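[1] the sequence and its predicted three-dimensional model are supplied below.
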Amino acid sequence: DARVTQTPRDKVTEMGQEVTMRCQPILGHNTVFWYRQTMMQGLELLAYFRNRAPLDDSGMPKDRFSAEMPDATLATLKIQPSEPRDSAVYFCASADGGNEQFFGPGTRLTVL
Amino acid sequence: EDQVTQSPEALRLQEGESSSLNCSYTVSGLRGLFWYRQDPGKGPEFLFTLYSAGEEKEKERLKATLTKKESFLHITAPKPEDSATYLCAVGPSGTYKYIFGTGTRLKVLA
């Protein structure tokens, strides 16, 4: 049963600390997405990659967020420095071509 | 501006009481309209893709329909296990920057 995996599932950190979230997309999927979900804003697209190349990161605060795909089996999202307003659930999703996206279980981030 | 609006925000149904959820959208060109189900503490789970007006898709008690301005998710004779948040998203042509609505929280009472 192929699925997207994310680590960690929960992260509590203090303001100013670096946070790294990892995602393993479904094997063979060539498109990877990072989303953020909050009660107020709902699900927002932060960035997405096609064949490991970043295609759009306009949803990310550029000064503190960065997203990379070191290889086809790993996507990372980093926040440095973290702020309390970054507290949210971060989802990774993958797709074969982009239409039907399969989501991971999410990383719940709390920044104190 | 591309936009998605879902209604109602929340819906309570008795088991067996059929109803519909609405997703209104404006988009310059439509790649596809997507429905997802999200359970508490989990990621959204893909349900349907609709590509053109008039298209319909069915899965168990769920049926999704599409017009040029909106989509409906019809739930027939719902059961308590259908309780979840249902999300609608549109994919504009030429991009994979999907726009999600804020969802409808469905509660089905036994």
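    Cool, got the structure. Residues are numbered from 1 along each chain as shown, chains lettered A, B, ... in the order given.

[2] so A:Q80 makes contact with A:T13?
    No - when contacts are counted by C-beta atoms under 8 Å, A:Q80 is not listed as touching A:T13 (10.9 Å). Glycine gets a C-beta too; all of them are placed from N, C-alpha and C.

[3] name the residues contacting each of the two.
    Shared contacts of A:Q80 and A:T13, defined by C-beta atoms under 8 Å, 6 or more residues apart in numbering or on different chains, comprise A:V19.

[4] which residues touch the worst-scoring helix or strand of chain B on mean pLDDT?
    Within chain B, no helix or strand scores below strand B:99-100, which has a mean of 93 by mean pLDDT, DSSP states H and E. With contact meaning C-beta under 8 Å, 6+ apart, strand B:99-100 is reached by A:42-45, B:2-4, B:27, B:87-90, B:92.

[5] what about A:Q80 and A:T13, which has more around it?
    Between A:Q80 and A:T13, A:T13 has the larger neighbour count (other C-beta atoms under 10 Å in any protein chain shown), namely 17 against 13.

[6] what separates the residue of chain A found nearest chain B from A:I79, distance-wise?
    Nearest residue of chain A to chain B, counting by C-beta to the nearest C-beta: A:F103, 3.3 Å away. Plainly put, A:F103 is 20 Å away from A:I79 if you go by C-beta to C-beta, to the nearest Å.

[7] related to what we said a few turns ago, nearest residue to the residue of chain A closest to chain B in space, please, no chain neighbours.
    With sequence-adjacent residues excluded and distances taken as C-beta to C-beta, 6 or more residues apart in numbering or on different chains, A:F103 is closest to B:G43, at 3.3 Å.
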